[in-house]
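A.B. asks: generate coordinates for the sequence data below:
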Amino acid sequence: MIKSNIPHFMVDENWQITACDSTVAEWMGHSVEDVVGKSCFDMVDGHNLDGSSFCRPVCPLTTASRHALTINPVMILNNPHNPRQIVRVHYVILDNPKGILHFVRPLHDPNKSSRTLTKNQLQLVQGLAMGLTHRQIAEQNHIALSTVTTQLKRIRRTLSCASDRHLVTWYWNQDQH
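C.D. replies: Below is the predicted model:
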């Protein structure tokens, strides 16, 4: 039994869900009883923001871990009752017993406003916060890559942020999430 006030679920080395809190089960469109014992990639209908599948038999979290990379995925959980629940997943890979503990944080309003940025500027920062590259942000917003680079530089100067990582930190520290 895992005790946490943060929505979470746990999978074992065979990708079977061994624990799941009721909030995450609801986001998956199921009850806890329906989820526990099933494979995570069958129960979590998680997709990247570009629509590609995140949850799959070759887990991107363990793949990143094997290459000493840390990823902080933002994904869309689809279920019939609450389509397009956008969440950020934080995770811990455990060695004994082997498994992955997933902490899930909802991102309530992807169109949140800010007093210091225009709507267009905020969209660029949101793209960074969702894990998109500058090129992906440019494609998503139908603007030139150079425009994204220039605008993010101006935004960093406006917010006194030294890097894109600091912009993402600023974004997640806003109260309107």
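A.B. asks: look up phi and psi at the residue nearest the centre of the chain.
C.D. replies: Per CA atoms, centre = their mean, the C-alpha nearest to the average position across the chain is that of Val74, at 1.7 Å. Main-chain dihedrals, Val74, degrees, to the nearest 10: phi -110, psi 130.
A.B. asks: the spatially closest residue to it that is not a sequence neighbour and Leu124: what is the separation?
C.D. replies: Nearest residue to Val74, sequence neighbours excluded (CB to CB, 6 or more residues apart in numbering): Met130, at 4.5 Å. Backbone N, C-alpha and C define where each C-beta goes, glycine included. Using CB to CB, to the nearest Å, Met130 is found at 11 Å from Leu124.
A.B. asks: returning to what we had before: confirm for me that the residue nearest to the centre of the chain is in contact with Gly131.
C.D. replies: Yes: Val74 lies in contact with Gly131 (CB atoms under 8 Å); the separation is 5.4 Å.
A.B. asks: alpha carbons of stretch 91-110, as PDB, please.
C.D. replies: Output of stretch 91-110 as PDB, limited to C-alpha atoms (Å, rounded to 0.1, in the frame of the first residue of the first chain):
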ATOM      1  CA  TYR A  91       8.200   9.100 -11.600                       C
ATOM      2  CA  VAL A  92      10.600   7.100  -9.500                       C
ATOM      3  CA  ILE A  93      12.200   3.900 -10.800                       C
ATOM      4  CA  LEU A  94      12.700   1.400  -8.000                       C
ATOM      5  CA  ASP A  95      15.200  -1.400  -7.900                       C
ATOM      6  CA  ASN A  96      13.900  -3.500  -5.000                       C
ATOM      7  CA  PRO A  97      11.300  -4.500  -5.800                       C
ATOM      8  CA  LYS A  98      11.600  -3.500  -9.500                       C
ATOM      9  CA  GLY A  99       9.000  -1.100 -10.600                       C
ATOM     10  CA  ILE A 100       8.000   2.500 -11.400                       C
ATOM     11  CA  LEU A 101       6.000   4.700  -9.100                       C
ATOM     12  CA  HIS A 102       4.200   7.400 -11.100                       C
ATOM     13  CA  PHE A 103       2.900  10.600  -9.600                       C
ATOM     14  CA  VAL A 104       0.400  12.300 -11.800                       C
ATOM     15  CA  ARG A 105      -0.400  16.100 -11.600                       C
ATOM     16  CA  PRO A 106      -3.200  17.500 -13.700                       C
ATOM     17  CA  LEU A 107      -2.700  20.600 -15.800                       C
ATOM     18  CA  HIS A 108      -6.100  22.100 -15.500                       C
ATOM     19  CA  ASP A 109      -6.100  25.000 -17.900                       C
ATOM     20  CA  PRO A 110      -3.600  25.000 -20.800                       C
END
